[in-house]
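*Asks:* How does the following fold in three dimensions:
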Amino acid sequence: MTLPAWIALGLLLAALVVAGLGALRLRALSRRVGSFECGLRTAGAESASWTLGIAHYGVGRIDWWRSWSLSWRPGRTWSRHDLVIVGREPFGGADARPDSYLVRCRYREQELELTMARAAYEGLASWLEAAPPGRRDVVV
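*Replies:* Residues are numbered from 1 along each chain as shown. Below you'll find the predicted structure:
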């Protein structure tokens, strides 16, 4: 085998390893108890594209990971105390499921939009409403 063939084989093998690690990461994140699919974008930026991800309930926080990444650290973390649901509406995107919602949230002073299934929204609203005493916000 010539040197360019070995290089091509090595690159192919490296690409397969990276793809395999990404698939294992995605599977591990999505199978955790308390995980749900959740798209994210900054509010008010309708031209901005959605970033697909997986959110997971933690103790007093929600961690969010990008779907297509190799990082084992969450891309975003929102504390339960500072996350407020501002509103929700049926999500009518091109690839939307019939039971999906566009959920507008505020985290500290930042506005963000999330997409999620109806069951995931109901879980999020319940989780926020069931916060410990001292946090009595009404969820829309």
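*Asks:* From here on, just use CA atoms for contacts and neighbour counts.
*Replies:* Fine.
*Asks:* which helix in this protein runs the most residues?
*Replies:* Ranked by residue count under DSSP state H, the longest helix found in the chain is helix 3-30.
*Asks:* Which of the helices or strands spans residue 57?
*Replies:* When elements are assigned from DSSP states H and E, residue 57 belongs to strand 53-58.
*Asks:* For the helix or strand just after that strand, which outside residues touch it?
*Replies:* Downstream of strand 53-58, the next assigned helix or strand under DSSP H and E is strand 61-66. Residues outside strand 61-66 that contact it (C-alpha atoms under 8 Å, 6 or more residues apart in numbering) are 51-57, 73-80.
*Asks:* one more time with 10 Å
*Replies:* 26, 29, 34-40, 51-57, 71-83, 124, 128 (C-alpha atoms under 10 Å, 6 or more residues apart in numbering).
*Asks:* Just the buried residues of those.
*Replies:* Using 16 or more other C-alpha atoms under 10 Å as the burial test, those include 26, 29, 35-40, 51-57, 77-78, 80-81, 83, 124, 128 as buried.
*Asks:* The longest helix of the chain vs strand 53-58, what angle?
*Replies:* Interaxial angle, helix 3-30 versus strand 53-58 (axes from the mean of the first three to the mean of the last three C-alpha atoms, to 10 degrees): 40 degrees.
*Asks:* Report all helices and strands that helix 3-30 contacts.
*Replies:* Under the contact criterion of 3 or more C-alpha pairs under 10 Å, 6 or more residues apart in numbering; DSSP states H and E, helix 3-30 touches strand 35-37, strand 53-58, strand 61-66.
*Asks:* and it, what's its mean pLDDT?
*Replies:* Average pLDDT, helix 3-30: 84.
*Asks:* Identify each buried residue in it, please.
*Replies:* Buried residues in helix 3-30, counted by 16+ other C-alpha under 10 Å: 22-23, 25-26, 29-30.
*Asks:* Return the residues in contact with residue 90.
*Replies:* By C-alpha under 10 Å, 6+ apart, the neighbours of residue 90 are 96-103, 115-118.
*Asks:* again, but for residue 20
*Replies:* Per C-alpha under 10 Å, 6+ apart, neighbours of residue 20: 14, 26.
*Asks:* Return the distance of it relative to residue 86.
*Replies:* Residue 20 sits 39 Å away from residue 86, taking C-alpha to C-alpha, to the nearest Å as the criterion.
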